[in-house]
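Chemist: Got a sequence here, can you model it:
(2 chains)
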Amino acid sequence: MELYKTNQLKIYNSLSKSKEIFKPIVEGNVGMYVCGPTVYSNVHLGNVRTFMSFDLVFRYLKQLGFKVRYVRNITDAGHLENDADEGEDRIAKKARIEKIEPMEVVQRYTVDFHETLQKINNLPPSIEPTATGHIVEQIEIIKDILAKGMAYEVNGSVYFDVLKYNETEHYGILSGRNIEDSVHNTRELDGQSEKKNPQDFALWKRAEEKHIMRWPSPWGEGFPGWHLECTAMSTKYLGETFDIHGGGMDLKFPHHECEIAQSKVKNKVNPVNYWMHANMLILNGQKMAKSTGNYILPNEIFTGENKILSKAFSPSATRFFMMQAHYRSVLDFSNDALEAAENGYMKLMEALNNLENIEVGKVSSINIGEWKKRCYDAMNDDFNSPVLIANLFEAVKYVNLLLEKKETISAADLEELKNTMNTFVYDVLGLQNNSEENACDKLNGVVEMLIKMRKEARDNRDWALSDKIRDELAVLGIQLKDGKEGTTFSVN
RNA sequence: GGCGUUUUGGCCGAGUGGCUAGGCAGAGGUCUGCAAAACCUCGUACAGCGGUUCGAAUCCGCUAGACGCCUCCA
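Modeler: The predicted structure follows:
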């Protein structure tokens, strides 16, 4: 029987601002859409955190037995940079600077994005559609919204009429705003004279002469507006109403608010049942962002090539660091925090390796079933990975006590412990075991030989030689551990 | 200025109206030829001031700080 039938998953819904019991539209199936990256530069660690948060959601839904269609777009048509740059989107701008074809920029950074997510062990989504591949769908939606009188055309551009929409619907329902407030508080910017109101957002923008990315439309040559692509792609692949829509907290307004408005006009239904927002990664007390230069790239962490880092950290240690925080909490990035996470991560991996060395007994002195339930309870409570990890460390303690024979475990319980730990560590959290990568058979053989030689030296009370072997191996990052049952080692 | 979130022990980070989060770092102990590892024990917490309550770090109010959004942004 599928686990979702016995596990009651609760998800914090940004729309209701409360945890709700998750009930998919079609039993056993989940449709999930997550706003993907704009591929005009390398993804930074803050971007990665969001995608990792939803990777956790994706993985756990699958673990519960749901059949998940996970759609995450690639924004390759670019967003408008600001109104002063009217007609010029980010990707076109970058292309001009580098004197290359826009789609070459898109290709380069899409590849970088995929490589980075693969290193950090994110699962690929089920469908990864591109904005440029869905121009036709976007044009159709605009025509529909125009026909319904909720948009207007000016000089080859089409804008969504927010004030008119707000007469019958609540623009601001997701972000907790009232349009009346923002009417009084929105700063007037230049170049907005086309719009009836500053709150109106573009559905279609007329392309200036020099604009590189352009498509024909009923309103002339141009390109789609900021928020339309997600509406087009999510509803195309998941339906007019689907289960989960995710994205970074910073997209809640205006991006997701606009998506709701567009969908409601076009389909007359709420597009999303559960809105999920992942919180920001903080560096130097501020949100990581390309625009401010306050960011760190994933590769800089993996190579250690950044002045705030004392050394390189593996993708898994980095992933573990992020999983130790809840996805809805702000997380502070620092070298100290990463180091602490790395130490904890290695301790966890050590215990996983040691699972193989445990001897079974007739009865169990620890309650594995109860422990397993606590693991699921943690994840059922809005994907609470930090509490899950606390429970995994509880299991680390079990493993060590079992090795010392201070506790006993039955064969069936040991199997349960192994399966559950593997499931949560590898399948749900998506961590990888680095020690397996580092230690190959030849190395194992050499170290075992040295351990044997050291034992002979110790038996002869030749402490100088035995310590020399131990210390020199330590310098190489190989740590020897003398236990009651003999010496073991770990590779750092 | 508006809307929202947040403030936990040396550090990172959970959580709850009364019952140990966890990790890292630190102290003492067991073990050990010594060390490391492991295990056991321990410490200083819930920004400040009021209120509700038998009881609040947990609910409410005020004050102070921080962050996010209000413009592209994960």
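Chemist: in stretch A:241-255, what counts as buried?
Modeler: Within stretch A:241-255, the residues that count as buried by 16 or more other Cβ atoms under 10 Å are A:Phe242, A:Asp243, A:Ile244, A:His245, A:Gly246, A:Gly247, A:Gly248, A:Leu251, A:Lys252, A:Pro254, A:His255. No exception for glycine: its C-beta is placed from N, CA and C like everyone else's.
Chemist: Closest to A:Asp467 out of those?
Modeler: A:Gly248 (52.4 Å; Cβ to Cβ).
Chemist: got the contact list for that closest one?
Modeler: Residues in contact with A:Gly248 (Cβ atoms under 8 Å, 6 or more residues apart in numbering) are A:Cys35, A:Thr50, A:His277, A:Ala278, A:Met280.
Chemist: Which ones, among those residues, also lie beside RNA strand B?
Modeler: Checking those against RNA strand B by Cβ under 7 Å from any atom of the strand, the ones in range are A:Cys35, A:Thr50, A:Ala278, A:Met280.
Chemist: pLDDT-wise, which helix or strand of chain A ranks last?
Modeler: helix A:434-438 (a mean of 57; mean pLDDT, DSSP states H and E).
Chemist: Tell me which helix or strand comes right after that helix.
Modeler: helix A:441-459 (DSSP states H and E).
Chemist: any residues touching that next one, and which ones?
Modeler: Residues outside helix A:441-459 that contact it (Cβ under 8 Å, 6+ apart) are A:Trp463, A:Leu465, A:Ser466, A:Ile469, A:Arg470, A:Leu473, A:Ile478, A:Leu480, A:Gly486, A:Thr487, A:Phe489, A:Val491.
Chemist: Pull out the buried positions in it.
Modeler: A:Val447, A:Leu450, A:Ile451, A:Arg454, A:Ala457, A:Arg458.
Chemist: Run the contact check for that helix versus RNA strand B.
Modeler: Yes - using Cβ under 7 Å from any atom of the strand, helix A:441-459 comes into contact with RNA strand B via A:Arg458.
Chemist: I'd like the average pLDDT over that helix.
Modeler: The average pLDDT within helix A:441-459 is 85.
Chemist: who are the neighbours of whichever helix or strand comes after that helix, in terms of helices and strands?
Modeler: Next along the chain after helix A:441-459, taking DSSP H and E as the criterion, comes helix A:463-475. Helices and strands touching helix A:463-475, by 3 or more Cβ pairs under 8 Å, 6 or more residues apart in numbering; DSSP states H and E, are helix A:441-459, strand A:478-483.
Chemist: The same query, at a cut-off of 7 Å, please.
Modeler: Contacting helix A:463-475 under the criterion 3 or more Cβ pairs under 7 Å, 6 or more residues apart in numbering; DSSP states H and E are the following elements: helix A:441-459.
Chemist: what angle sits between the helix it packs on and helix A:463-475?
Modeler: The directions of helix A:441-459 and helix A:463-475 differ by 150 degrees, with axes from the mean of the first three to the mean of the last three Cα atoms, to 10 degrees as the criterion.
Chemist: one step back: return only those of the contacts of helix A:441-459 found close to RNA strand B.
Modeler: Within the contacts of helix A:441-459, those near RNA strand B by Cβ under 7 Å from any atom of the strand are A:Trp463, A:Ser466, A:Arg470, A:Leu480.
Chemist: How far does the helix or strand where A:Ala232 lies sit from its chain's centre?
Modeler: Element membership of A:Ala232 [criterion: DSSP H and E] is helix A:228-238. Relative to its parent chain, helix A:228-238 has a centroid offset of 20 Å by Cα atoms, centre = their mean, to the nearest Å.
Chemist: Can you list the strands that the very next helix or strand once past that helix pairs with?
Modeler: Going down the chain from helix A:228-238, the next helix or strand is strand A:242-248, by DSSP H and E. Strand partners for strand A:242-248, identified by DSSP bridges, are recorded as strand A:29-34 (parallel), strand A:272-278 (parallel).
Chemist: Can you list the neighbours in contact with the longest one?
Modeler: In other words, strand A:272-278. Strand A:272-278 is contacted from outside by A:11, A:13-15, A:22, A:25, A:49-50, A:53-54, A:174, A:241-249, A:252, A:256, A:327, using Cβ atoms under 7 Å, 6 or more residues apart in numbering.
Chemist: again, but for the shortest one
Modeler: Contacting residues not belonging to strand A:29-34 are listed as A:24, A:54, A:58, A:61, A:66-72, A:234, A:238-239, A:242-247 [Cβ under 7 Å, 6+ apart].
Chemist: contacting residues for A:Val162?
Modeler: So A:Val162 contacts A:Tyr171, A:Ile179, A:Asn197, A:Gln199, A:Asp200 (Cβ under 7 Å, 6+ apart).
Chemist: Give me the buried subset of those.
Modeler: Buried among the contacts of A:Val162 (16+ other Cβ under 10 Å): A:Tyr171, A:Ile179, A:Gln199, A:Asp200.
Chemist: Tell me the backbone dihedrals of the first one, please.
Modeler: Main-chain torsions, A:Tyr171, degrees, to the nearest 10: phi -80, psi 110.
Chemist: That one and A:Ile179 touch, don't they?
Modeler: Yes - using Cβ atoms under 7 Å, A:Tyr171 is in contact with A:Ile179, at 5.2 Å.
Chemist: before we move on, back to that, what's the helix holding A:Ala232 packed up against?
Modeler: Applying 3+ Cβ pairs under 7 Å, 6+ apart, one finds that helix A:228-238 contacts strand A:29-34, strand A:67-72, helix A:135-147, helix A:257-267.
Chemist: if you set the cut-off to 6 Å instead, what comes out?
Modeler: Applying 3 or more Cβ pairs under 6 Å, 6 or more residues apart in numbering; DSSP states H and E, we find helix A:228-238 packed against strand A:29-34, helix A:135-147, helix A:257-267.
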